[in-house]
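Enquirer: let me see the structure of the following:
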Amino acid sequence: MFLFMNMIGIFVFLGIAVLFSKKRHEIRWRSACVLFVLNLVLAGFLMGFEAGRRCVRLAADGFHALIQIAFSGIAFVFPDWVNVPQMNFFTAVLLPILFIVPLFDILTYFGILPFLIRWVGKGLSCITGAPKFEAFFSIEMMFLGNSEALAVSKFQLSRMKADRCLTVGLMSMSCVTAPVVASYTQLMPPAYVLAAIPLNVVNALLVSSILHPVKIAPEEDIAVTIRTDDAECEPFFSYLANSILSAGRLVLIIGANVIAFVALAKFLDVCLGAVYAGLSLETILGCILFPFAWLMGLSASEAFQIAQYMGEKLITNEFVVMLSLKDVIHTYSPHVQAVLTVFLTSFANLTTIGILLGTFRTLVDTSRHELIARNVAYLALAGLLVSLLSAAMAGLFVW
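Expert: Presented below is the predicted three-dimensional model:
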């Protein structure tokens with residue numbers, strides 16, 4: 001029965017996207033169906049076949065190795081922080097970012113990541129029939145994050161139709177940043193974290209193509225990349241120094257967000273409890289999102305608890321919830337672990353909407369920015385639907 005409900009849930013989530021579509025008559029159903037089938041096959045391969053699970057384990061081992069290398073740097077400066085039975089959140093999750101971010105930036109500087117992004121994006125467009133830039137952008141987000149991917153695509157965004165910029169904005173709600181993935185794997189089951197990333201990429205294309213389909217003329221279907229002359233490139237060590245400073249700012253930003261959101265959530269719980277005994281933010285969110293959690297093949301009691309985590313993630317961020325789950329996630333069934341981990345592995349939350357609006361304001365003209373600002377509800381819906389679809393597809397193959 002739970003498997004049947006999980007299957008029904010996938011089609012319900014897609015139905016919600018169709019129901020709220022701005023231009024249902026312009027949906028490219030062939031491309032949408034290909035994207036849907038591709039993601040089911042991908043989820044089945046990564047979750048249901050030994051070869052796929054081995055690939056995920058290898059990727060998880062790779063991230064684990066990177067974390068261990070990062071710990072060697074941390075131990076050199078703070079030896080008492082690493083060689084302890086139980087490391088704190090700051091040491092185990094945040095400080096490794098100081099190594100991971102520069103590493104990925106080095107790969108970008110020497111053209112390795114841009115090469116991968118370009119060719120994987122072309123392959124995705126070829127297979128699915130998705131527009132070239134949107135396919136390219138979805139892969140770009142997987143490595144760089146939303147604001148960074150938007151920044152390097154400024155030239156094309158400024159020349160695209162406003163409607164198409166909105167589609168890109170909808171996609172931007174469902175990404176992660178590769179350097180942060182290593183931190184996720186310290187808190188949640190690594191295999192499910194890593195499987196969530198490609199599922200989110202394809203579902204971002206799928207959901208945006210349904211919620212806001214845009215007709216693109218053949219001459220407009222291009223992916224422009226801007227390359228600077230080698231002589232104009234920033235010197236390597238200057239680039240590396242800036243990357244390390246950016247990593248430090250990211251550590252502070254994540255830490256500040258976790259502290260602030262945990263405290264604010266507690267403050268709201270205290271206020272709600274004063275109004276009515278037993279009332280809390282988690283309870284309200286659990287009631288609102290209970291049907292969605294139940295449709296992912298969970299029992300009623302599990303669905304209510306998972307719905308609370310889902311809601312907390314949407315209004316705070318994924319780190320807040322992962323931190324509260326890291327010591328208990330192993331007590332849940334494999335299906336619940338897969339569904340919850342995949343749902344949490346993205347930047348789909350209210351804070352991301354603010355970041356996107358600020359980023360678009362600096363990259364595009366007023367008319368394009370205002371169109372995106374008028375569709376804040378659609379941005380939130382896109383992020384929620386991608387997370388639900390990815391979680392439900394992953395859960396379909398894990399019991």
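
Enquirer: C-alpha from now on. contacts and neighbour counts both.
Expert: OK.

Enquirer: so how far is Ile100 from the spatially most central residue of the chain?
Expert: Computing the C-alpha centroid of the chain and ranking residues by Cα atoms, centre = their mean puts Ser346 first, at 2.3 Å. Taking Cα to Cα, to the nearest Å as the measure, Ser346 falls 18 Å from Ile100.

Enquirer: next: Ala241.
Expert: 14 Å.

Enquirer: okay, these two: which has more neighbours?
Expert: When neighbours are counted by other Cα atoms under 10 Å, Ala241 and Ile100 differ, and Ile100 comes out ahead with 24 against 12.

Enquirer: state the helix or strand in which the more buried one lies.
Expert: Ile100 is part of helix 97-109 when elements are defined by DSSP states H and E.

Enquirer: mind listing what's buried in that helix?
Expert: 97-106, 108-109 (16 or more other Cα atoms under 10 Å).

Enquirer: quick one: list the elements packing against the helix ranked longest in the chain.
Expert: Looking across the chain with DSSP state H, the single longest helix is helix 236-275. Contacts defined by 3 or more Cα pairs under 8 Å, 6 or more residues apart in numbering; DSSP states H and E place helix 236-275 against helix 97-109, helix 281-294, helix 318-325.

Enquirer: distance from the last one to the middle of the chain?
Expert: I take that to be helix 318-325. 15 Å (Cα atoms, centre = their mean, to the nearest Å).

Enquirer: helices or strands up against it?
Expert: Counting by 3+ Cα pairs under 8 Å, 6+ apart, the packing neighbours recorded for helix 318-325 are helix 178-187, helix 236-275, helix 300-315, helix 334-344.

Enquirer: can you tell me which of these is most buried?
Expert: helix 334-344 (a mean of 25; mean count of other Cα atoms under 10 Å).

Enquirer: and the helix or strand just after that one, what's buried?
Expert: As assigned by DSSP H and E, the chain's next helix or strand after helix 334-344 is helix 350-363. Residues of helix 350-363 classed as buried: 350, 352-353, 356-357, 359-361, 363 (neighbour count, 16+ other Cα under 10 Å).

Enquirer: export the buried residues of helix 97-109 to JSON lines and tack on pLDDT and distance to Ala377?
Expert: Formatted as JSON lines, those follow (pLDDT from 0 to 100; distance: Cα to Cα, whole Å):
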{"residue": "Ile97", "pLDDT": "81", "distance to Ala377": "32"}
{"residue": "Leu98", "pLDDT": "88", "distance to Ala377": "34"}
{"residue": "Phe99", "pLDDT": "88", "distance to Ala377": "36"}
{"residue": "Ile100", "pLDDT": "81", "distance to Ala377": "33"}
{"residue": "Val101", "pLDDT": "79", "distance to Ala377": "32"}
{"residue": "Pro102", "pLDDT": "87", "distance to Ala377": "35"}
{"residue": "Leu103", "pLDDT": "87", "distance to Ala377": "36"}
{"residue": "Phe104", "pLDDT": "81", "distance to Ala377": "33"}
{"residue": "Asp105", "pLDDT": "83", "distance to Ala377": "33"}
{"residue": "Ile106", "pLDDT": "88", "distance to Ala377": "37"}
{"residue": "Thr108", "pLDDT": "81", "distance to Ala377": "34"}
{"residue": "Tyr109", "pLDDT": "84", "distance to Ala377": "37"}
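
Enquirer: just give me the closest of these to Arg368.
Expert: Thr108 (28.8 Å; Cα to Cα).

Enquirer: so what's the closest one up against?
Expert: Pro114 (Cα atoms under 8 Å, 6 or more residues apart in numbering).

Enquirer: tell me how far it lies from Val398.
Expert: 35 Å.

Enquirer: quick one: the helices and strands packed on helix 236-275 as CSV, columns for distance to Ala65 too.
Expert: Shown next, in CSV, are the helices and strands packed on helix 236-275 (distance: least, Cα to Cα, whole Å):
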stretch, distance to Ala65
helix 97-109, 11
helix 281-294, 34
helix 318-325, 21
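
Enquirer: which one of those helices lies closest to Lys161?
Expert: That would be, of the helices and strands packed on helix 236-275 and by Cα to Cα, helix 97-109, which comes in at 28.5 Å.

Enquirer: next secondary structure after that closest one?
Expert: Per DSSP H and E, the helix or strand that comes after helix 97-109 is helix 112-128.

Enquirer: run through the neighbouring helices and strands of that next one.
Expert: Short answer (3+ Cα pairs under 8 Å, 6+ apart): helix 112-128 packs on helix 29-48, helix 97-109, helix 132-144.

Enquirer: would CSV of those helices with distance to Ser208 be doable?
Expert: Shown next, in CSV, are those (distance: least, Cα to Cα, whole Å):
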stretch, distance to Ser208
helix 29-48, 10
helix 97-109, 27
helix 132-144, 10
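
Enquirer: and Met87, which of those helices is closest to it?
Expert: helix 97-109 (15.3 Å).

Enquirer: what angle sits between the closest one and helix 178-187?
Expert: Counting by axes from the mean of the first three to the mean of the last three Cα atoms, to 10 degrees, helix 97-109 lies at 140 degrees to helix 178-187.

Enquirer: for helix 97-109, C-alpha coordinates in CSV please.
Expert: Taking Å, rounded to 0.1, in the frame of the first residue of the first chain, the C-alpha atoms of helix 97-109 are listed here in CSV:
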residue,chain,number,x,y,z
ILE,A,97,34.4,24.4,3.7
LEU,A,98,37.6,26.4,4.0
PHE,A,99,39.3,23.6,2.0
ILE,A,100,36.5,22.5,-0.3
VAL,A,101,35.6,25.9,-1.7
PRO,A,102,39.1,26.7,-2.9
LEU,A,103,39.5,23.2,-4.3
PHE,A,104,36.5,23.7,-6.5
ASP,A,105,37.6,27.2,-7.4
ILE,A,106,41.0,25.8,-8.5
LEU,A,107,39.2,23.3,-10.8
THR,A,108,37.2,26.3,-12.2
TYR,A,109,40.3,28.4,-12.7
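
Enquirer: closest one to Ser301 among the helices and strands packed on helix 236-275?
Expert: helix 281-294 (9.2 Å).

Enquirer: in that closest one, what counts as buried?
Expert: 281-283, 285-286, 289-290, 292-294.

Enquirer: from the residues you listed, which single one is nearest Cys55?
Expert: Of those, the one sitting nearest to Cys55 (Cα to Cα) turns out to be Ala293, at 28.2 Å.
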